[in-house]
Structures are given as structure tokens and as C-alpha cells.
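[1] Structure, please.
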Amino acid sequence: MAMKEQMLMMAAEQGVVLNGDPRDSSVAPDDKTDREKTSDEKLVAWVLNRVSQWRDHRNANYQEQWNMYERLWRAIYSDAEKTRKRERSQIISPALSEAVENGAAEIEEAVFGRGDFFDLWPEAKDDPANAEILSKNETLFREDLAKSDFTSTCSETVVNAAVYGTGIAEIVQSKSTERDIVAVRDPLTGAFSAEVTETDVERPVLRSVNPRNFGIDPAARGIEDALGVFIEEDVGAHIVREGISKGDYKKVDLEVSTGDLQTKPDPQTETPWMADVVNVIRYYGKVPTELLFPPEKTEELFPEDPAKDSTEPVDASMVEAWVVIANNTHLLKAIETPDMMKDRPVVAYQWDIVPGRFWGRGICEKGATPQKLLDAELRARMDALAFCAAPMMAMDATKLPRGFKFDIYPGKNLLLGGDPNTILKPFKFGELDANSAAQVQLLDSLVQRATGSIDSVSLAKSGVGGEARSGAVSMAMSGIVKRNKRTLMRYLDKFLGPALRKMMWRFMQYDSPRYMPANMTFNVSSTMGIMQREYETANLSQMLNSMEPGTTEHLLVLIALISNSGIQNRDAVLNTLKQKLARVQAAEQQPPADPNAVPTDPVILTLQRVDAQLELAKKQAQIAEIRAKTRLLDAQANSEAVAPALEAQSIALKGIYKTPEDQINEEFDRRMRIAEVALKDKGIDSRERIADKQIIAARANEPQVKVEQVEVPVPVDTGML
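    Next up is the predicted model:
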């Protein structure tokens, strides 16, 4: 504010009123004499009066929030984010930065991922009268867009919208000199030499505008329905002087100023460059007709017109104009809008709408609260970790030497006045809370819920066994896809489509030798990003398995599958498939042949005879096969009828005839029985003889002779063997 007051004082010393209504009768002192403001000064005062009011309204409502969003996005620490008075840690979580990058990358991939992001409506191409003109204009337009860095500017606008909530761009006429190398052949020697050709080119260029440098009528909800809009930025002094020398700007005594600090590209972290710059305000909107075309000048040009009443309000009638002001003082340009469509060269869109308001709601605004909670938890954890991890000692100060400094390093000797065990004691403040890590994970998930971002690693691990199924992934991504779809449709309808139309209008107007005037309606194409594209590819691959190859529906799905991919020769493959599809559809649409028609072509007759012979041979083979099957079935039926009788005979004859093995077994059993009987008879005789000898000895009183009893083995029943 001090700089602004200083500039106002400088302007007052120069005798120019910067702010205020030009109808005010007050005048500025000029060499201690009163003078009336010129027409240029009145126009400057009228424009700056509106610009300053709109700027103050914007800063009062949004500047503080924008500064906070930028700090959270870029991890810039500020004391404004402190949650505790004694907070020491300055860590900032990258959760919100990741959400911004994911959201911006998803929009850029959806629009520019395939390379070809726009086309003309088919109805326009079907008109034979305009087909050639439209095709030529489209080819030149794509070439000029590639030379003007259109894609990179759109990407920058997407990032601004994600951070600040609103993406803004300006269409300016860029004048440059293009140099090409041409090979020149010497007619005598035949050698080639390089020659540089220069061509002055003027083409419309899209430039991104930071919301800090943009202002709009607070009562408006869009660019076109506002009283006006302005873009304020610091421009190199050499650029303004070059414009003055070429006649693009009025010749004024241009002094170098420091500019406004808030209009610098990075006002929070970068030391602003304030030398050799000029603060320039470009105003696009309505101004009073009498200020743009003063009555005294129009009377000189058109004396036949009636004189205008000087008491008529200056804002009774308005005209669309461009006004360029330097250093809040000098009028560099003031002209009626030169564009043939009378549109304003500014386009803007909102990341997420706030009903009834021009300024939108971005990712940083959605995730600011959970991001602050997450940062507070992380900083508290880091501060607590410092107390738990850093070594601390409790010491008896009465037993320490004078001037004692407690520094620890390997090999140091401590000179104390007593027992070290009683003088020094390690001291520790508790432990970290075990629930702190879980709280960090919870707060990080809250940031993702608020911003619509996605953690691909956690999503892949959320399925059974650590692998997520396709259906589960689809359901998990549905909310994210829908939120991105809303932003994508606003980007296409409010920014990209209008920007292409406005640039084409200016190419037709300012580069008429190359571009032919024609009504061109753009069809901006897009997808849903890489994740949605991969999921759709998997579904299309499954659909192909259920279709017959070579049919119309199979080719259509295959074309959609190739179109959804990013292979290098995609266009060639698509052209081949489309040609094949046209042939298949033409064959399917042909009427069926008349069966009663008699062909006359000998080739066709020969083919028909061959087909008839093949059909006859096929039928004969089928008849022979049927007869063989009949004979086989008859034989099987006869076998089944005789089977019961054969089984009865086998049962009746079972056991009549003995095999050699049976005869051997019977002979062995017979002989074993004979052996058993013989052994039994011998045992009985032996016992009777012993008894007789004992009786005779007893009778004769002879000494008893001990007879050793022989144990006769008991015959074994061989039947058990």
C-alpha cells in the first residue's frame, strides 16, 4: 500500500487524476495554474476508477485464501499455518500437492493424451461447397496451434484452475519473425549452400493469466456479461518502447517504475525484480462513448452532426473498447474493439462452480482443511520425536565446574566435582503416541476424499489377497471418475471450445490470405484419462470374445479398441479396419440372389456342377455311414439276446472238469492223511512194549532199571496247513 500511495503522489505531482469520476470538476495543479483534464486523462481516470474498485474487492475476498492455497500446494512454510505457539517443526505434507498433480494430469491426459483433441462437426464437412475450405482451414489451424505452444498454455491454465479455482487465458496478437533455411544451388558448380529466409508473422496466441493478475466486474458471472475485465502485469520496458516506436502505442514520456508487488509471478517466495519494468493494465470492456470519441474530435471530423450537450452523462451510451494504460498514468492505446465478432479476447472456466459467482472452487480449497489437520498432526509428531530421540541430561549444577559446557563427542573427558553417577543422569520425556501413525493415515485419506484424488498403491492392495478385482476397482473409481467428468465438461465447454473458436475468428480476420472465411463449429473430443481408458480396454477385449470375427459388430468393437489405445501406427490400423468395415457392410446390404435365375457364365455353371457333385458325394457318404451304423446296432442287439443263455451254461458247467492244480492238491491231502495214521499206530506199539518190561522186572525183584522215556511226537493235523 505504501508503494501505491507513493505512485498516487507522483501522479498528483504530474497533474494527472488517476482515480475518481471524470465528471468531477476538480482539477490537478499544473505549474500552479488550473487546467482542465484532457480526453485521454478522463478516459484513464474512468478506467482506473473501476479497475481499482474491482481489484480491492478481489483482494479483500480472495487474496489471503489464494496465498494459503499456493503455500499448501508448493509446501511453502509460513507462520500463518502455526497451530501451536511453541510449534517448531515446519514440515508440510505432500498430500495436497499430489491431489493437484493427479487432477491436472487426469484432465490433460483426457484432452491431449491422444494428440488430436478437436474435430469439425460432421454436418459442416458434408456440405460440398465448404468441404474444401474447411479442410484447408483445419490443416492450417492445426499447424499454427502447434507453433504457438497452445497445448502447454492450456496445461498451465489447468494447474491454475486446480490451485486457485479458476483458469484464465488471454488471446493476444503476437508478432514475430520466423527464419527458415533454404538450400540454394550454384548454377555453375552445382554445389548447395544454405540461405536463411525471414518472414514477419502475426498470429493470435493463447497466454495463461494468473488469477492474481486478473480482475472482473464483481456483479458479473461471466466474461461477456461483465462491464469489463482487466489484466494487470509487469512488462519489460523495452517491449513497450518497441511498441511505441512501431506505432502500436501512443507516444508518451514513459518512465520506468517498480510495479505492483502483487502482480509479480511469485510474490510469496521470490524476490521480485523491479527494474526496467512497466506496469501495464489491459482493459477489455465497455467505456463511455464520449470518452473514447470526445465531442470536440468528432465535431472536427463530422461537422454536419449536431452538437452534443455537454451536460449529458458520459456513461449514457457505451461502446466495446480496448484500453491499455502504463504505470497507472499514460494511455498507450484506446480503440474500439477491432475484432469482427466483437468478442472479448479472454476465456475462463471454473474447476468447480460456486453458484452465482465468477470465481470457482479448486482442489486446494477443497482439501485445505484436512491438509491443515494432517500438517498439524505431522508437526506435533515431529516435535514429540525431538524430545524422545534427542539425548537430554539432568545435572547437579552445584557439582559442576565453573564455565562447564556440556558437549558430547567420542573420547571427551568430563571433569566433575563428585561421583558422575550422582551428578549426571539421562533424562527422557515419555514415548510417542502409538495412535499417531493411524491418525496420520486417516487424515491422509480425508485429503483424498475431499479432493477426489486417488492413491493407486492403496487401491491395488485393497482387493482379496492383495490384488484388487476389476469390479472392485471399477466401483472404487466411480466417484473419482464422475468428479473428474464434471470438471472436464466445464473445461471443454467454457474454455477449450470458446478458445478455439475465438482464435479461428482472428486467424480468418488477420490472416485472410491463408484462411478462407467460413463458419466452423468445433467438436472437442476427450476421454476419461489413463485409468478409465485401461478399464474400458479390458471391457472391450472381453466383448470381442463373444462376437463372430469378420462381422460388422466385431469390427466396430475392434475399431473402438484401437481408437482407445496409444499405439504408434494407430491411424493406419484404423483406416484399414474402416475400409474392411465398409466392404463388410456393403456385402451385407446387397439384396439376396434370385434362386430361379439361370446363370449364363460358364465359370459359374462349372462351379455349380462341381458344387452339385460335391453335394451328391456328401449325401452318399452320409447314407453309407447310416447303413454301417445300422449293421453295428443289429450285431449289438443279437449279442445281447444270446448273452443270458451263455451265462447259464457257464454256471452249469462250473466244477465238472478239474485242472492239474486241483488233482495235485487232492493227492497231497490223501498222502498226508496216510502218514498221520502210520505215525499214530507206531506210537501205540512203543508204549505197550515199555509197560510189559516194567511188569516183568518188578516180579523178579531185580533192580529196577530206569528206562528213558522217549517222547513220541504228537502227529500234527495237516488239515490245518
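[2] any idea how far residue 423 is from the spatially most central residue of the chain?
    For the chain, the residue sitting closest to the mean C-alpha position, by C-alpha atoms, centre = their mean, is residue 106 at 2.4 Å. Distance of residue 106 to residue 423, given as C-beta to C-beta, to the nearest Å: 63 Å. To be clear about C-beta, it is placed using only N, CA and C from the backbone, and glycine gets the same treatment.
[3] In three-state terms, label residue 360 for me.
    Classification of residue 360 using DSSP: H, G, I helix; E, B strand; the rest coil returns coil.
[4] same question but for residue 140, I mixed them up
    Classification of residue 140 using three-state DSSP returns helix.
[5] State which strand of this protein is the longest.
    strand 166-185 (DSSP state E).
[6] Could you list the paired strands of that one along with their orientation?
    strand 192-209 (antiparallel), strand 346-350 (antiparallel) (DSSP bridges).
[7] Would you single out the least confident of those strands?
    Per-stretch mean pLDDT for those is lowest at strand 192-209 (a mean of 88).
[8] list the buried ones in that strand?
    By neighbour count on 16 or more other C-beta atoms under 10 Å, the buried set for strand 192-209 is 203-209.
[9] Residue 164 - how many residues pack around it?
    For residue 164, the count of nearby residues is 27 (other C-beta atoms under 10 Å).
[10] same question, the one 5 residues further on
    Here the neighbour count serves as a burial measure; for residue 169 (other C-beta under 10 Å) it reads 25.
[11] same deal with residue 63?
    If we define neighbours as other C-beta under 10 Å, then residue 63 has 14 of them.
[12] quick one, what contacts residue 537?
    With contact set as C-beta atoms under 8 Å, 6 or more residues apart in numbering, residue 537 has these partners: 561, 564-565.
[13] try residue 182
    The contact partners of residue 182, taken as C-beta under 8 Å, 6+ apart, are 194-197.
[14] Looking at the residues you listed, which is nearest residue 419?
    Nearest to residue 419 among the contacts of residue 182, counting by C-beta to C-beta, is residue 196 at 89.1 Å.
[15] so what's that closest one closest to, chain neighbours aside?
    Distances taken as C-beta to C-beta, 6 or more residues apart in numbering place residue 179 nearest to residue 196, at 5.4 Å, with adjacent residues excluded.
[16] Let me know whether residue 141 touches residue 506 as I believe.
    No - Residue 141 is not in contact with residue 506 according to C-beta atoms under 8 Å; the separation is 11.1 Å.
[17] the more surrounded of the two?
    Taking other C-beta under 10 Å, residue 141 and residue 506 do not tie; residue 506 has more neighbours (24 against 21).
[18] quick one: residue 337 from residue 610, how far?
    79 Å.
[19] try residue 274
    Residue 274 is 94 Å from residue 610, where distance means C-beta to C-beta.
[20] swap in residue 157?
    70 Å.
[21] can you check residue 633 too?
    Residue 633 is 35 Å from residue 610, by C-beta to C-beta.
[22] and if you look at residue 682?
    Using C-beta to C-beta, residue 682 is found at 103 Å from residue 610.
[23] same deal with residue 43?
    94 Å.
[24] Compare the two (neighbour count), which wins?
    A direct count of neighbours by other C-beta under 10 Å for residue 43 and residue 610 places residue 43 higher, at 25 against 10.
[25] tally of neighbours for the nearest residue to that one once chain neighbours are set aside?
    Using C-beta to C-beta, 6+ apart and skipping residues adjacent in sequence, the residue nearest residue 43 is residue 291, 4.5 Å away. Neighbours of residue 291 under the rule other C-beta under 10 Å: 23.
[26] which stretches of the stretch 201-350 of the chain have low pLDDT?
    In the predicted model, the stretch 201-350 of the chain carries pLDDT under 70 at residues 256-260, 295-316.
[27] And the strands in it?
    Remark: strands assigned in the stretch 201-350 of the chain by DSSP state E, counting those that start in this stretch are 214-216, 228-236, 277-288, 318-326, 330-336, 346-350.
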